[in-house]
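*Asks:* Let me see the structure of the following:
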Amino acid sequence: MTRRSLLTMSIFGAAGVAAWGYQRSARAVATAALDRVPAGPPPIVSIAEYSDAGAPLGVKDLPKIVKSEAAWKAQLTPLSFEVTRHADTEIAFTGATWNVHDKGLFRCVCCDTALFSSDTKFDSGTGWPSFWAPLDKRNIVETSDSTFGMERTAVSCRRCDAHLGHVFDDGPRPTGLRYCMNSAAMRFVKATPA
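*Replies:* Below is the predicted model:
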């Protein structure tokens, strides 16, 4: 090994260590910023409530649920945390509810808001729970998502901002929509007698 190659390797090694240290500190700063809960009372949101039997219970004005990253992490499984709080996606055909065909409701895993009904669930062949409509549009928020160089519409829970999945325009009638959700973002509640 020549002195020049040793010097070059040393420089690249030092640069790599510096870059690694910078990335770690930048990630720590970003995580600390996410872990701060805004001061003051949370905003009020209107949520359509439903019984586990699927009966509408009316619309209520409720405080938005705002928690620190540490509080969400303590409440959720690692996968549910990454999906709902960091907009990750579970692997197709691995979620607990992609193949559930029982009658019932799908509620937000973070705040229990009723999101989807088995009445609008269909087999999309994608490996994720898919619905042609939400239970009530007041309970979700749709926003533009241009990550990964694609234009998509992200779907989240109105009450707690949990990322649920995306909606696409290749679904069945009557809406032509496919709400492609993550099982890890919802819990299934089997319908109970009214």
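*Asks:* any idea how far W72 is from T192?
*Replies:* Remark: distance between W72 and T192 (Cβ to Cβ, to the nearest Å) = 28 Å. All C-beta atoms are positioned from the backbone trio N, CA, C, and that covers glycine.
*Asks:* Between those two, which is the more surrounded one?
*Replies:* Set W72 next to T192 and count neighbours by other Cβ atoms under 10 Å: W72 wins out with 20 against 12.
*Asks:* Now do that one against V83, distance only.
*Replies:* To V83, W72 is 11 Å away according to Cβ to Cβ.
*Asks:* and after the lowest-mean-pLDDT helix or strand in the chain, which helix or strand comes next?
*Replies:* Least confident element among the helices and strands of the chain, by mean pLDDT, DSSP states H and E: helix 3-34 (a mean of 45). Per DSSP states H and E, the first helix or strand lying C-terminal to helix 3-34 is strand 44-50.
*Asks:* now for that next one, which elements pack on it?
*Replies:* Contact here means 3 or more Cβ pairs under 8 Å, 6 or more residues apart in numbering; DSSP states H and E; on that basis strand 44-50 packs against strand 56-63, strand 114-117.
*Asks:* Could you pull up the mean pLDDT of the longest one?
*Replies:* Taken as a whole, strand 56-63 has an average pLDDT of 97.
*Asks:* begin at 709 from here
*Replies:* Yep, numbering from 709; the last one is strand 764-771 now.
*Asks:* what inclination does it have with respect to strand 752-758?
*Replies:* Counting by axes from the mean of the first three to the mean of the last three Cα atoms, to 10 degrees, strand 764-771 lies at 160 degrees to strand 752-758.
*Asks:* Specify the beta-bridge partners of the residue nearest the centre of the chain.
*Replies:* Against the mean C-alpha coordinate of the chain, by Cα atoms, centre = their mean, the closest residue is H871 at 2.2 Å. Note on H871: beta-bridge partners by DSSP bridges are S864.
*Asks:* Verify the stated contact: it with F789.
*Replies:* No: between H871 and F789 there is no contact under Cβ atoms under 8 Å: 10.8 Å.
*Asks:* Please identify which helix or strand holds E798.
*Replies:* Here E798 is assigned to no helix or strand, by DSSP H and E.
*Asks:* Can you report how many residues neighbour it?
*Replies:* Neighbours of E798 (other Cβ under 10 Å): 21.
*Asks:* And it, its phi and psi?
*Replies:* Per-residue torsions, E798: phi -70, psi 160 (degrees, to the nearest 10).
*Asks:* what residues are up against it?
*Replies:* Residues counted as contacts of E798 (Cβ atoms under 8 Å, 6 or more residues apart in numbering) are L787, V791, W836, N890, S891, A892.
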